[in-house]
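S.K.: this is a predicted model, with the sequence first.
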Amino acid sequence: MRKRITFGRVLLYAVLIAGSVVMAFPMAFAISGSLCDLEDFYAHPWFPYPTKVYLENYRILFSAKFTAQVEIWRWMANTLVRIVWYTLIPGTVAVLAGYVFARLRFRGRDTAFMYLLSSMMIPGIVFLIPTYIIMARFPGAGGNDWRGQGGHGFLNEWPALLIPGLVNVFYIFMLRQTYYTIPADFEEAARVDGASTLRCLKDVYLPMLKPTLTVLVIFQFVAIWNDYQWPLIVSSGNKKIWTVALGFQQMLLVGASYKGYPPGSAIVDYPFSFAMAAVATLPLIFLFFGLQRYFVEGVQGFAIKG
Amino acid sequence: MTAISKQALAGEMPLLERFARWRYRHRQALEGWLILTPILAYYSFFFIFPVVANLYISFTSWSGVAGAPKWVGLSHYKAYFSGYYLLTIFNTFLFTVTILLASTIIAFFIAVLLNQKVIGRGLYRALWYIPTLTSAAITAQVFFAFISPYDGVFNAVLKALGKPIVIWTLSPFWMRTFIIVFSIWRGVGVPVVLFLAALQGIHPEIYEAAMVDGASSWALLRHITVPLLRPMLIFVLITGTISGFQIFETAMLISAGGQFNVASSGGPRNMTNVMLLQIYKDAFVNLDLGRAAAGSVIMAIILLWFTSTNMRILSRGQVEQ
C-alpha cells in the first residue's frame, strides 16, 4: 500500500493520540502533582507542574519516622508473602491437576473435572459470606471451641489471608489446555529411561510449561497486589497483617496530620497522597514494562482458551 | 509357562509382589486420585459447601457473630421488592449496561485503529492497558482529588474561570457519571487487547479480496471486521456483564470520598448504591447475614439468567469459523 499523508491517516493519529492522552492524564496528573508543593499545585489546577525542585513528599514518605508510624515496608512485605504463597500453591495445584486431567486415564477423571468446573458458573459473591463465616467460626482457631463458638476464629490473623482461594479452577483449566499442546512422546522417552511421574513433571514438562506459568505468575501478582475486598473484610482490625492496597488508605490519614496540619483537619494534601499513590502503583507498572509481551499474550491466551 | 493359569500363578506369588503388580496395573488411577483427593476435598469445603450454606443462610436470620441461624422463610427475598432494594438493583443494571456498552464501543474502535500500521503502537497499547493494573483503592483517591467539593481540581478550575462551584458529591447525576467514567477508564484496556488479538487473527487476504471488488472502508468494517469479531464480542460482553455486576470497589470508594467506608458509601440518597455494596452493608455493617445471603442468591440468579440470555441472543446465526 502507498504511504501517503491522507486525511484519514491524520484523523487516525489525532484520535489515537487524543485517546491516549485522556487515558494517561490521571496518572500524569498525579505524578506531576506529587512533585509540587501546595502553592504550585493550586497555581495551575488544569495540570499542576513544579516550578522548583520539590521532593519533600517523597522524602517524608521514605523517612524513618514516617515508615515507623505507617509501616509501609511491613505492608509491602505482607503483600509479597501473599503473592509468593498465592503463586506457589495454586500454581503447583494447577500443574499437578492439569497433568492428571490431560495425561492420566482412569475412571472418574472426567466426572471430577466437571465437578471442579461447575463453580466457574457461579459468581464470586456467593462464596464470600460463607467463606467469611468459615474463617470466623473455624473450630479451635482464635479462641473458638470445637463448635466454632466463643472466639474470633481466624479473623484479623494470618490464616484468613492465606487459606481461601488455594485451588483455582481457571488455572487448572489453563494448565490442562497447555498439556494438550505438548506431544506425549517427550514423557514416553523419559519413561523408557526409567523416570518417575514427579521426575517427568519436573524435568520434562516444567520447562515447556514456562510461558503459561509466567502468565499465571503475572495474573496472580496483579490480583494479589490489588486485592482489597478480602483483606478489608478479614483483616481491617489488625494493622500488622495489612496489605498495600488496604494500608494505603491508612497512609492518607496519617500523612495529612504529618505535614503539620492539625489532626482531623479537613485539609487534604493531594500532592502528598499522589506521591503515596505513585509509590504503591509503580511496582506494577515496572512489572508491566518488563513483561509487556507476556501480559498481552496472557490476556489474549485467556480469551482464546477461556 | 503360558499354559499355567493366572490364578495358579497368583497363588504361588508372594503377597508383596501381587501388590506391586496390582499397583502397576492401576498406576494411573492411583496417581490421579493421590493428587486429586486433597484438591477435591479442599474444593468441596471452600466452593461447594459455601454455595449450599449460602442458600440455607438466606432463609434464616443470623448476625454471624453469635447464636444460631433462625429460620425466617422467604422474608429476606420479599424485602428485595421494597423500593430501597429495587433501587440497588436498578443502579447495578444502570452501571453495568452503560459501562459495558461504552467500553465495548470505545475498545472496538481503538482496537481497529491500533490494528493499522501506526508508529508507536506499543506505547498506545501500554497507555490503554496500564490503568487496568492499578488498584481501585489507590486510583479512586487520585480521582477523588478531581471531584472533591471544597479543594478539588474541578472546582479550582471553575473558580479560575469565574464560574460558581458545584458540590459534586451531592449530585446523583454527577456521582453516577464519575463512577461510570472511572470504571471505563480503569477497565477499557482489557477489551482493547482482546479485540486487538482477534483482529490480528483475521487474514489480510480477506480484506484484499474485498478491496479488489471495490468495497469502501466502511463496507470492510461493516461486512468483514464486525462479523469476524463476533465470537470475541460475545466473550467481551459476557465477561463484561459478570464483572460489571460485581461493581463494588469503585462505587464504594468514589461515593465515600475515596475512603474505605462501607457505611457512608452509596450516596447521595442511595443513588449510587449497587447490589454488591448493599450485600456488604447488610453483612458487615448491619450484621444481617441472612439478608446479605439472599442478596447474593438473587444476584447469582440474575447473572445466570442475563448471561444465558446474552449468549443465546448473540450466538444466534453465528457462523462457525
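M.R.: Perfect, thanks for sending it.
S.K.: per-residue confidence at residue 95?
M.R.: By default, I'm working from chain A. A:V95 is assigned a pLDDT of 96 by the prediction.
S.K.: I was after chain B.
M.R.: 94.
S.K.: over to A:G260?
M.R.: For A:G260, pLDDT reads 63.
S.K.: by contact count, what packs against the lengthiest helix in chain A?
M.R.: When chain A is scanned for its longest helix (criterion: DSSP state H), the result is helix A:72-103. If you count contacts as 3 or more C-beta pairs under 8 Å, 6 or more residues apart in numbering or on different chains; DSSP states H and E, helix A:72-103 packs onto helix A:109-117, helix A:158-162, helix A:169-180, helix A:206-225, helix A:244-258, helix B:27-43. For every residue, glycine as well, the C-beta is placed using N, CA and C.
S.K.: these: lowest mean pLDDT?
M.R.: For the helices and strands packed on helix A:72-103, where the average pLDDT is lowest is helix A:244-258, sitting at a mean of 73.
S.K.: what's the following helix or strand after it?
M.R.: As assigned by DSSP states H and E, the chain's next helix or strand after helix A:244-258 is helix A:270-290.
S.K.: that following helix vs chain B: in contact?
M.R.: Yes. Helix A:270-290 lies within reach of chain B by C-beta under 8 Å from any C-beta of the partner chain, at A:270, A:273-274, A:277, A:280-281, A:284-285, A:288-289.
S.K.: show me how far that helix is from its chain's centre.
M.R.: Offset of helix A:270-290 from its chain centre (C-alpha atoms, centre = their mean, to the nearest Å): 14 Å.
S.K.: how about stretch A:87-107?
M.R.: The answer for stretch A:87-107 is 23 Å, by C-alpha atoms, centre = their mean.
S.K.: give the buried residues for it.
M.R.: Under the neighbour-count criterion of 16 or more other C-beta atoms under 10 Å in any protein chain shown, stretch A:87-107 has A:87, A:90-91, A:93-104, A:106 buried.
S.K.: nearest to B:H223, of those?
M.R.: Of all the buried residues of stretch A:87-107, B:H223 sits closest to A:A102, with 39.7 Å by C-beta to C-beta.
S.K.: could you find the closest non-adjacent residue to the closest one?
M.R.: What sits nearest to A:A102 in space, not counting adjacent residues and going by C-beta to C-beta, 6 or more residues apart in numbering or on different chains, is A:Y179, at 3.4 Å.
S.K.: correct me if wrong: the one you found contacts A:Y99.
M.R.: Yes. A:Y179 is within contact range of A:Y99, at 6.2 Å (criterion: C-beta atoms under 8 Å).
S.K.: can I see the domain layout of chain A?
M.R.: Here the domain parsing of chain A from automatic domain parsing is A:1-54, A:66-305.
S.K.: thinking again about what came up before, any residues in contact with both of A:Y179 and A:Y99?
M.R.: A:Y205 (C-beta atoms under 8 Å, 6 or more residues apart in numbering or on different chains).
S.K.: endpoints of stretch B:217-230, how far apart?
M.R.: Using C-alpha to C-alpha, to the nearest Å, the end-to-end distance of stretch B:217-230 comes to 19 Å.
S.K.: low pLDDT regions in the chain?
M.R.: Chain wasn't specified; assuming chain A. Applying pLDDT under 70 to chain A picks out residues A:1-4, A:253-268, A:295-306.
S.K.: wrong chain, I was asking about chain B
M.R.: Short version for chain B, where the test is pLDDT under 70: B:1-12, B:65, B:260, B:315-321.
S.K.: tell me the contacts of the closest residue to A:L206 other than its chain neighbours?
M.R.: Among residues not flanking A:L206 along the chain, A:V95 sits closest, at 7.5 Å (C-beta to C-beta, 6+ apart). By C-beta under 8 Å, 6+ apart, A:V95 lies in contact with A:175, A:201, A:205-206, A:209, A:213.
S.K.: kindly reformat these as JSON lines containing neighbour count and distance to B:N115.
M.R.: Formatted as JSON lines, these follow (neighbours: other C-beta atoms under 10 Å in any protein chain shown; distance: C-beta to C-beta, whole Å):
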{"residue": "A:L175", "neighbour count": "25", "distance to B:N115": "31"}
{"residue": "A:L201", "neighbour count": "18", "distance to B:N115": "39"}
{"residue": "A:Y205", "neighbour count": "22", "distance to B:N115": "35"}
{"residue": "A:L206", "neighbour count": "12", "distance to B:N115": "35"}
{"residue": "A:L209", "neighbour count": "22", "distance to B:N115": "30"}
{"residue": "A:L213", "neighbour count": "18", "distance to B:N115": "29"}
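S.K.: ok, which pair from these is furthest apart?
M.R.: A:L201 and A:L213 (12.3 Å).
S.K.: B:R176: how many residues sit nearby?
M.R.: 20 (other C-beta atoms under 10 Å in any protein chain shown).
S.K.: now do the same contact list for it.
M.R.: B:R176 is in contact with B:91, B:94-95, B:271-272, counting by C-beta under 8 Å, 6+ apart.
S.K.: return the closest of those residues with respect to A:M27.
M.R.: B:F95 (23.3 Å).
S.K.: dump the contacts of A:V95 to JSON lines, plus distance to B:L30.
M.R.: Below are these laid out as JSON lines (distance: C-beta to C-beta, whole Å):
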{"residue": "A:L175", "distance to B:L30": "21"}
{"residue": "A:L201", "distance to B:L30": "16"}
{"residue": "A:Y205", "distance to B:L30": "19"}
{"residue": "A:L206", "distance to B:L30": "22"}
{"residue": "A:L209", "distance to B:L30": "23"}
{"residue": "A:L213", "distance to B:L30": "26"}
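S.K.: and these, which is closest to chain B?
M.R.: Taking C-beta to the nearest C-beta as the measure, chain B sits nearest to A:L201 out of those, at 10.3 Å.
S.K.: now that closest one: how far from A:F219?
M.R.: Separation of A:L201 from A:F219 (C-beta to C-beta, to the nearest Å): 21 Å.
S.K.: what subset of the residues of helix A:270-290 next to chain B is buried?
M.R.: Buried among these (16+ other C-beta under 10 Å): A:270, A:273-274, A:277, A:280-281, A:284, A:288.
S.K.: so how far is B:Q259 from the residue nearest to B:F109 when sequence neighbours are not counted?
M.R.: In space, and not counting its chain neighbours, B:F109 is closest to A:V15: 7.9 Å by C-beta to C-beta, 6+ apart. As judged by C-beta to C-beta, A:V15 and B:Q259 stand 36 Å apart.
S.K.: those two: who's more crowded?
M.R.: The neighbour comparison of A:V15 against B:Q259 (other C-beta under 10 Å) goes to B:Q259, with 17 against 13.
S.K.: does the helix or strand containing B:T241 come close to chain A?
M.R.: Under the criterion of DSSP H and E, B:T241 resides in helix B:230-245. Yes. Remark: helix B:230-245 sits within contact range of chain A at B:232, B:235, B:242, B:245, by C-beta under 8 Å from any C-beta.
S.K.: quick check: next helix or strand after that helix?
M.R.: helix B:249-255.
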